[in-house]
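In: one predicted model, sequence on top.
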Amino acid sequence: MAEKLVMWLNEVGMEDIELVGGKNASLGEMIKGLSPIGVKIPMGFVVTSKAYHYFIDYNNLRDKIREALAGLDPNNIEDLSRRGLTVRELIKGGQFPEDLKNEILKAYEELSKMYGQFRVDVAVRSSATAEDLPNASFAGQQDTYLNIKGDETLLSAIRSCFASLFTDRAISYREAFKFDHFAIGLAVGVQKMVRSDLAASGVSFSLDTDSGFRDVVLINASYGLGEMVVQGAVTPDEFLVFKPTLKEGYEAIIEKKLGKKTHKMVYGTDPGERTKIVAVSKEDQAKFCLEDHEVLKLAKWVMAIEEYYTNKYGKWTPMDVEWAKDGELNELFVVQARPETIHSRKDHSKLITYKITEPYEERIKKRILEGIAVGDKVAFGKVRILHDLEDAKEFQAGEVLVTDMTDPDWEPIMKKAAAIVTNKGGRTCHAAIVARELG
């Protein structure tokens, strides 16, 4: 098995992380363990980490990459950016060995037949072998390509995924955690797209992401493809479902908050344009993008996923689940699940609270703005407004970062910030997850 270059998702499980990466191992595990009880997961295949190492060696890239990264200072943003680009260009310039190329295209043809399409539309997702570990999430560090169709486009997307193992943020994160760049491989998941561009998608947690409270399921949802929620480009609708009463058969939605769903990502219409971002009508913005019965169905699935992994690992394992609703089939699907990385590691015998000593009446007079809190710490510092990463050189440790939205490329700056304030994003976007991880 360890020699396989391409494998089907239903052949793999959590014991295969080294070969297929965290995302794919989890998908395979759920297809085998949770499909029988009605949790729907789209089918697909994996280009394994064995294939990634084969590609790197076939193109003689190891020494060139080591050379490009020798003496790197990860805190020097310009240096990091220059070297990262060099490594990615080296990989993107590589060629596929003929046997690997043939195996990938054969699997793609079979997947297309499975769904009754000539060239089926797929999501191509990177899945690092050190990803979604209980002690480091590596969330959002590698690339994903949506609505990929056709042989050459697929091969190009897989090669770009290989290159994304060396994004600036991934290099910086590995340096911070002292991971060897070559001890980590990359697998690529190729999975049938869910047509959420015609409906909605989002992220759900089997606990409250701020307090760590175990008895709720938190669901974030927005129109279109899920990248907008993950990237924090919109403020999604939010639903809270109370687990104990849901288990007893009640419709236990205890809170609903309408988000600011101004835009959505849909399939592109022009040649070569895979996705595009369009405005959401005022009418759709004013309503929730999921019906109550769908919220309850998702919550039950998330509880089932948490229970499955808790039994598998023999300890409470809260989960972070990405889901999508197919607008053609009018059905819900789970497209990813990973262990939650913050509250599951906390010492739950201790409770730390933060408070501001100034009386509330005095504070409220000085309040400038308010919004969704991620976590419950208190921080202070000089405000630094950054309009984009170009201004990052100005940023000093201990300042408060204020910007429109951070993405995983901002991670080296986020590490230095006392606090982060953004215009956009919900509690489940990557920026929020990384911010919580960084404390």
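Out: Looks like it came in fine.

In: quick check, residue 325 in a helix?
Out: No. Assignment of residue 325 by DSSP: H, G, I helix; E, B strand; the rest coil gives strand, placing it outside any helix.

In: what sits opposite it in the beta ladder?
Out: With DSSP bridges applied, residue 325 shows beta-bridge pairing to residue 332.

In: okay, now it: neighbour count?
Out: Burial of residue 325 is recorded as 24 neighbouring residues (other CB atoms under 10 Å). C-beta: built from backbone N, CA, C; applies to glycine.

In: and it, how far from residue 199?
Out: From residue 325 across to residue 199, the span is 4 Å (CB to CB, to the nearest Å).

In: and for residue 305?
Out: The gap separating residue 305 from residue 199 is 21 Å, by CB to CB.

In: please apply the same query to residue 240.
Out: In this structure, residue 240 and residue 199 are 22 Å apart, going by CB to CB.

In: one more: residue 186?
Out: 30 Å.

In: ok, which stretches of the stretch 251-400 of the chain are strands?
Out: Counting by DSSP state E, counting those that start in this stretch, one finds strands in the stretch 251-400 of the chain at the ranges 253-257, 263-267, 275-279, 319-326, 331-339, 383-385, 400-403.

In: any weak-confidence spans in the protein?
Out: Low-confidence regions of the chain, defined by pLDDT under 70, span residues 1-2, 130-141.

In: can you give me the helices in it?
Out: Defined through DSSP state H, the helices belonging to the chain, from first to last, are 17-33, 49-58, 62-69, 77-92, 98-114, 151-163, 168-177, 227-231, 243-247, 282-285, 292-313, 360-366, 411-414, 430-437.

In: out of those helices, which is closest to residue 267?
Out: With distances scored as CB to CB, the stretch of these nearest to residue 267 is helix 227-231 (12.5 Å).

In: dump that closest one to CSV, restricted to CA.
Out: Taking only C-alpha atoms (Å, rounded to 0.1, in the frame of the first residue of the first chain), the coordinates of helix 227-231 have been written out as CSV:
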residue,chain,number,x,y,z
GLU,A,227,-14.1,29.3,0.1
MET,A,228,-15.8,32.6,0.9
VAL,A,229,-16.6,31.4,4.5
VAL,A,230,-13.2,29.7,5.0
GLN,A,231,-11.3,32.8,3.7
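
In: could you chop this structure up by domain?
Out: Using the TED database, the domain ranges for the chain come out as 6-192, 196-339, 360-438.

In: who has more neighbours out of residue 186 and residue 199?
Out: residue 186 (29 against 24).

In: is that one bridged to anything, and to what?
Out: Following DSSP bridges, residue 186 is listed with bridge partners residue 128.

In: before we move on, what about the one 4 residues further on?
Out: Residue 190 forms beta bridges with residue 45, residue 124, as assigned by DSSP bridges.

In: and it, how far from residue 340?
Out: Per CB to CB, residue 190 is found 26 Å from residue 340.

In: these two: which is more packed in?
Out: Each of residue 190 and residue 340 had its neighbours counted (other CB under 10 Å), and the higher figure belongs to residue 190 (26 against 22).

In: so the more buried one sits right up against residue 48, yeah?
Out: No. Taking contact to mean CB atoms under 8 Å, the distance of 11.6 Å between residue 190 and residue 48 leaves them out of contact.

In: quick one: contacts for residue 305?
Out: With contacts defined as CB atoms under 8 Å, 6 or more residues apart in numbering, residue 305 is in contact with 30, 34, 39, 206, 319, 321, 334, 337.
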